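Student: build me a model from this:
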Amino acid sequence: MSAKDFVDSNVWLYSLIKSPESERKNQIADQLLDNLGLHVVSSQVIRECLTNLIRKVKTDEVTIRKLIDSWCSDCIVHETNKDQLSRA
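Tutor: So this is what the prediction gives:
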């Protein structure tokens, strides 16, 4: 069984949004994702990433749907609920 590693939105976004200004951060995010075990992502992180991809870089709907499918099939997705928010 592989390790489970929580991945926050900043790592996903640096991996997904490439720019000359953040080239080093893009590389680090890609390497981190490649070297981690099974990715764990919360539904909140997915929403944050999608919001940024849609608003900041105008990602199209087809790409957004593919990303959602990828997260749901390749990661453990934890749903955010009221109890988690209250404890946080």
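
Student: going forward, measure contacts and count neighbours with C-alpha atoms only.
Tutor: Will do.

Student: where along the protein do the strands fall?
Tutor: Using DSSP state E, the strands of the chain run over 4-6, 38-42, 76-78.

Student: quick one: average pLDDT of the last one?
Tutor: Per-residue confidence for strand 76-78 averages out to 91 on the pLDDT scale.

Student: quick one: buried residues of it?
Tutor: 76-77 (16 or more other C-alpha atoms under 10 Å).

Student: spell out the residue ranges of the helices in the protein.
Tutor: Using DSSP state H, the helices of the chain run over 9-16, 23-35, 43-57, 61-74, 82-87.

Student: just these: most buried one?
Tutor: Among the helices of the chain, the stretch with the highest mean neighbour count (mean count of other C-alpha atoms under 10 Å) is helix 9-16, at a mean of 18.

Student: who's in contact with residue 78?
Tutor: 40-43 (C-alpha atoms under 8 Å, 6 or more residues apart in numbering).

Student: report the beta-bridge partners for it.
Tutor: residue 42 (DSSP bridges).

Student: I'd like the distance between it and residue 71.
Tutor: Counting by C-alpha to C-alpha, to the nearest Å, the gap from residue 78 to residue 71 is 11 Å.

Student: what do those two both touch?
Tutor: With contacts taken as C-alpha under 8 Å, 6+ apart, residue 78 and residue 71 have residue 41 as neighbours in common.
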